[in-house]
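1. Next input, structure requested:
(chains A and B)
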Amino acid sequence: MAEKDSTFEAATRTVGSAGDLSSREHPSLALAHAIVPVRANGGFVLDLGPASGANISFFAERGCKLFIADLNSSLFGSTDSANRAEALELALVRDIPATETFDLILLWDLLDYLDDREIRILASRLQAVCHAATLLYGMVSIRKEIPDRPSRFEICDVGSIRYSPGSPLRRPAPLHKEPELVKLMPDFEVESTYLLRHGKQEYLFRRRRAA
Amino acid sequence: MWKKNEEASQPGPPVPTSAARLQALEKASVIGPSIRIKGNLTGKEDLVIQGQLQGEVRLQANNVTVGKEGRIRADIYGRTVHIEGEVKGHLFAEQEVIIRASGKVQGNIVSPRVVLEKGSNFKGSIDMEPAAAKAPEASKEAPKEKPKEAPKQAKNSARATVIDPAGAPQPAHPIGSDPPANTKGDAQKSAASVPAPAPGNRP
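-> Here you go, the predicted structure:
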């Protein structure tokens, strides 16, 4: 049975003026757990979000090498949704080196912006660049609405991340549930998951162990 | 961009292009926007590229700037490498790589210091190990000095930050401590933690 710590006060601050595009710092529980094995294994991290100086600094200070694929710019720039699956396949082949395996893969909120077919495509490509101990970090919204574009994430420290919304417009959230995600990503299993007060559920996925 | 650990917590005004850098840019050779080059560029002076270049740029002891109109399909070796235009290729710098807000890079960066301005576009890997920052010498050139061993503190001196042209530079984050042993949270953990996995097999 999950435990709920009632003594914790949500550490959410608004940075800058209030508004739809203001960035906010939120706590993260999964990131601290994701970092430990990365450091133990020498640290090769794949970031599927846009490049961020803060994230580069964070991983460099921990002796990790960072590879930035920035799928956001490939999928949500000028690509219309009808061609997005093809654009995703192309971006995954072009922007993620096939000869490398990574210790940690940062999905950020990408799962909230891909349909079922696209999640399957993504998972299939990612399993090829994972080894047995690779962790995938991602988060999904448990609130009904999300920004119309993926947010930008900057790691402040192992316990907090700054979110910058990708758009002032809103759209309905897909409200992914764990069994649904596991079904769409059959090569992966949920290592752990954390429900956060600011409306996000963090996931750590691991490649499914052979039976 | 921070040079020393102690500067990491001192916010300051936006980092403008320094007078020294402006002077250096004035003295640099310039490849104009109408120029197209296919081949390898070598030399011993600073260079600003506003044209199109396909090949390789090897100016290890000098500053290389790809201007806003520059369109490069080449690996670039320099003492410092500043990108304001578009580059498809790898960047190797002895001191630093800076990708300005207008810059777009697809390729890997090997440099002890990397700065990405807000609005810049980058895809590729970033390796800030100083030992890897030395560009491989061309096979015909005799190396002038042996590559130095990277100091053990080198990792801790590596810094990257984001400079917001409209505001103060964001401080680089101090060297992090290990994750907290007991993290109190508002979370409901639906699965127990598993022990740290054994290192995986990497091909």
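
2. which is the next helix or strand following the longest strand along chain B?
-> Longest strand in chain B, counting residues (DSSP state E): strand B:52-66. The helix or strand immediately downstream of strand B:52-66 is strand B:71-83, counting by DSSP states H and E.

3. touching chain A at all, that next one?
-> No - using Cβ under 8 Å from any Cβ of the partner chain, we find that strand B:71-83 stays clear of chain A, coming within 12.3 Å at best. Yep, even glycine has a C-beta here, placed from its N, CA and C like the rest.

4. Report the buried residues of that strand.
-> Using 16 or more other Cβ atoms under 10 Å in any protein chain shown as the test for burial, strand B:71-83 gives B:71-72, B:74-78, B:80-83.

5. average model confidence for that strand?
-> The pLDDT scores in strand B:71-83 average 97.

6. who touches that strand?
-> B:49, B:51-66, B:85-100, B:103-105, B:107, B:111, B:120, B:135 (Cβ atoms under 8 Å, 6 or more residues apart in numbering or on different chains).

7. ok, now stretch B:20-39?
-> B:17, B:43, B:45-55, B:63, B:65, B:67, B:69-70.

8. Can you check the pLDDT for the residue nearest the centre of chain A?
-> Note on chain A: the residue nearest the mean C-alpha position is A:Trp108, at 1.9 Å, using Cα atoms, centre = their mean. The confidence metric pLDDT takes the value 97 at A:Trp108.

9. And for A:Leu88?
-> A:Leu88 carries a pLDDT value of 91.

10. And for A:Leu111, the neighbour number?
-> Residues lying near A:Leu111 (other Cβ atoms under 10 Å in any protein chain shown) number 23.

11. Backbone torsions only: list them for it.
-> Backbone torsions of A:Leu111, given as degrees, to the nearest 10, read phi -60, psi -30.

12. In contact with it, which residues are there?
-> Contacts of A:Leu111 (Cβ under 8 Å, 6+ apart): A:119, A:138-140, A:176, A:181.

13. any chance of the buried residues of strand B:71-83 in TSV, with distance to A:Glu89 too?
-> As requested, the buried residues of strand B:71-83 are exported to TSV (distance: Cβ to Cβ, whole Å):
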residue	distance to A:Glu89
B:Arg71	27
B:Ile72	28
B:Ala74	28
B:Asp75	28
B:Ile76	30
B:Tyr77	34
B:Gly78	36
B:Thr80	37
B:Val81	32
B:His82	34
B:Ile83	29
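
14. just those now: which is nearest chain A?
-> The nearest member of the buried residues of strand B:71-83 to chain A, counting by Cβ to the nearest Cβ, is B:Ile83 at 12.3 Å.

15. State the number of residues packed around the nearest residue to the closest one once chain neighbours are set aside.
-> The shortest distance from B:Ile83 to any non-neighbouring residue, by Cβ to Cβ, 6 or more residues apart in numbering or on different chains, is to B:Gly103 (3.9 Å). Under the neighbour criterion other Cβ under 10 Å, B:Gly103 is assigned a count of 23.

16. do the same with A:Phe102
-> Neighbours of A:Phe102 under the rule other Cβ under 10 Å: 26.

17. Also the one 4 residues further on?
-> Around A:Leu106 sit 24 other residues, with neighbours defined as other Cβ under 10 Å.

18. With A:Thr193 instead?
-> The number of residues packed near A:Thr193 is 22, by other Cβ under 10 Å.

19. And it, what's its pLDDT?
-> A:Thr193 is assigned 96 on the pLDDT scale.

20. next one: A:Val158
-> Note on A:Val158: pLDDT of 87.
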